[in-house]
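[1] Based on what follows, work out the 3D shape:
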Amino acid sequence: MLKLEARPQPSSAWSYGSPLLALAITVIIGAIMFTVLGKDPLKGLEMFFWQPIRNSYALGELLVKATPLLIIALGLAVCFRSNVWNIGAEGQYVIGAIFAGGVALMADQTTGRWIVLPIVLAGMLGGMLWAAITALLRDRFNANEILVSLMLVYVAVQVLSYMVGGPWKDPQGFNFPQTKTFEAATRIPRLFDGSRVNIGVVLALAGVAGLWIFLFRTRAGFAQQVGGLAPAAARYAGFSSRRALWTALLISGGAAGLAGALEVAGPIGQLTPYVPAGYGFAAIIVAFVGRLHPVGMVFSAILMSMFYIGGELAQSRLGLTKSLTGVFQGLLLFSLLACDTLVNYRLTLKGRK
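    Coordinates of the predicted model:
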């Protein structure tokens, strides 16, 4: 009989092996799901795991999807390592996009490329202000940050709907709820001709390096993690748990707002009701699959972007619903939660008496 037995200490091998096992389980269940739907399982898996990387253009689109996921996940990792549960990064992403879009709409044909910097900074400011609402309510009234941040997502979406359907609606847009297309000067610079990859990739990789240094090589990063995980110990050591709360949420909100700015001034090029793409929620999975480590989240962001592209391809080429993206994301998350049991427990074989 198989029995779970507690390990004397967590297994470092399974800490890294668990995500790989979870991915393998996700692939197996995905193949079964395609078979049940009457589709060739190999063809279905090809949409998710081969088509997104088959040539240089596909790799470029993969990076376009992975960039916002990685940026948001980096900010969320600071929150989760500080024991601050920011579930509302999607709302901070949307508000950042609104702030950035507002600055972009001020540009005209005579505006120079300098406008890109204010657009990016406005997006970061918008995300930080939205996250500050959660920080304030948690700090002053001990409100649950999970509920507050999550509910603010729906408020942010309604603010976006109001702006694109009202004050910022394009008068020449055939009554569609959207702004006018932003001027060329406001667009985020691209890295390569013929590809949509922009400088957001460089900013994301810079964020990876910056977060690694902050968390593992600075006293402030150590204080940040202790202040969230052990407030009493933090106070004894002279660290402020209150500062840890505000720092975590402002960094996370700023990162989500930056991702929103890069999206609306980059691949999208305008504000529409479809700006909320679920990146803020998917980034939670990216953070945990990447073990809240900056380098690990690079790989998990790429994997999650493959799911996004695979879902779109499965819809167009196999006639399946685009919601398969969410199915694969959910499968990966639940498989990871199950496999993480092996970090603290091991399976042993017990004979019957």
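[2] Which parts of the stretch 1-150 of the chain are helices?
    Counting by DSSP state H, counting those that start in this stretch, the stretch 1-150 of the chain has helices at residues 12-36, 41-49, 56-81, 89-105, 116-141, 145-165.
[3] okay, those helices in a markdown table with distance to residue 250 and mean pLDDT next?
    Every C-beta, even on glycine, is put in place using the N, C-alpha and C of the backbone. Shown next, in a markdown table, are the helices of the stretch 1-150 of the chain (distance: least, C-beta to C-beta, whole Å; pLDDT from 0 to 100):
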| stretch | distance to residue 250 | mean pLDDT |
| --- | --- | --- |
| helix 12-36 | 29 | 92 |
| helix 41-49 | 36 | 93 |
| helix 56-81 | 9 | 96 |
| helix 89-105 | 10 | 98 |
| helix 116-141 | 5 | 97 |
| helix 145-165 | 13 | 97 |
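[4] Neighbours of residue 11, how many?
    16 (other C-beta atoms under 10 Å).
[5] List the buried residues of stretch 29-36.
    Residues of stretch 29-36 classed as buried: 29-30, 33-34 (neighbour count, 16 or more other C-beta atoms under 10 Å).
[6] If we only consider those residues, which is nearest to residue 124?
    residue 30 (36.5 Å; C-beta to C-beta).
[7] Contact partners for that closest one?
    For residue 30, the contacting residues are 41, 44-45, 48, 328, 331, by C-beta atoms under 8 Å, 6 or more residues apart in numbering.
[8] Just the buried ones from those residues?
    41, 44, 48, 328, 331.
[9] if we can go back for a sec, tabulate the contacts of residue 30 (JSON lines), appending distance to residue 127.
    JSON lines is the format used below for those (distance: C-beta to C-beta, whole Å):
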{"residue": "41", "distance to residue 127": "40"}
{"residue": "44", "distance to residue 127": "36"}
{"residue": "45", "distance to residue 127": "36"}
{"residue": "48", "distance to residue 127": "30"}
{"residue": "328", "distance to residue 127": "27"}
{"residue": "331", "distance to residue 127": "29"}
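[10] Report the secondary structure element holding residue 315.
    Element membership of residue 315, judged by DSSP states H and E, is helix 294-318.
[11] Give me the helices and strands touching the helix or strand that that helix is followed by, please.
    Once helix 294-318 ends, the next helix or strand along the chain (criterion: DSSP H and E) is helix 324-339. Contact here means 3 or more C-beta pairs under 8 Å, 6 or more residues apart in numbering; DSSP states H and E; on that basis helix 324-339 packs against helix 12-36, helix 279-289, helix 294-318.
[12] Deepest-packed of those helices, please.
    helix 279-289 (a mean of 25; mean count of other C-beta atoms under 10 Å).
[13] got the CA coordinates for it in PDB?
    Coordinates of the C-alpha atoms in helix 279-289 are reproduced here as PDB (Å, rounded to 0.1, in the frame of the first residue of the first chain):
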ATOM      1  CA  TYR A 279      -2.300  38.300 -18.200                       C
ATOM      2  CA  GLY A 280      -2.700  39.400 -14.500                       C
ATOM      3  CA  PHE A 281      -4.200  36.100 -13.500                       C
ATOM      4  CA  ALA A 282      -2.000  34.000 -15.700                       C
ATOM      5  CA  ALA A 283       1.000  35.700 -14.200                       C
ATOM      6  CA  ILE A 284       0.100  34.200 -10.800                       C
ATOM      7  CA  ILE A 285       0.600  30.700 -12.400                       C
ATOM      8  CA  VAL A 286       3.800  31.900 -14.000                       C
ATOM      9  CA  ALA A 287       5.200  33.100 -10.600                       C
ATOM     10  CA  PHE A 288       4.500  29.800  -8.800                       C
ATOM     11  CA  VAL A 289       5.600  27.500 -11.700                       C
END
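[14] dump the residue contacts of residue 279.
    Counting by C-beta under 8 Å, 6+ apart, residue 279 has contacts 68-69, 72, 89-90, 93, 259, 263.
[15] Highest neighbour count among these?
    Counting by other C-beta under 10 Å, top hit in these: residue 93 with 36 neighbours.
[16] which residues does that residue contact?
    68, 72, 127, 256-257, 259-260, 263, 276, 279-280.
[17] One more pass at 10 Å, please.
    68, 71-72, 123, 126-127, 130, 153, 156, 253, 255-261, 263, 275-281, 283 (C-beta atoms under 10 Å, 6 or more residues apart in numbering).
[18] Same question for residue 103.
    Counting by C-beta under 10 Å, 6+ apart, residue 103 makes contact with 115-123, 125-126, 182, 186, 261, 265.
[19] Widest-spaced pair of those?
    125 and 182 (18.3 Å).
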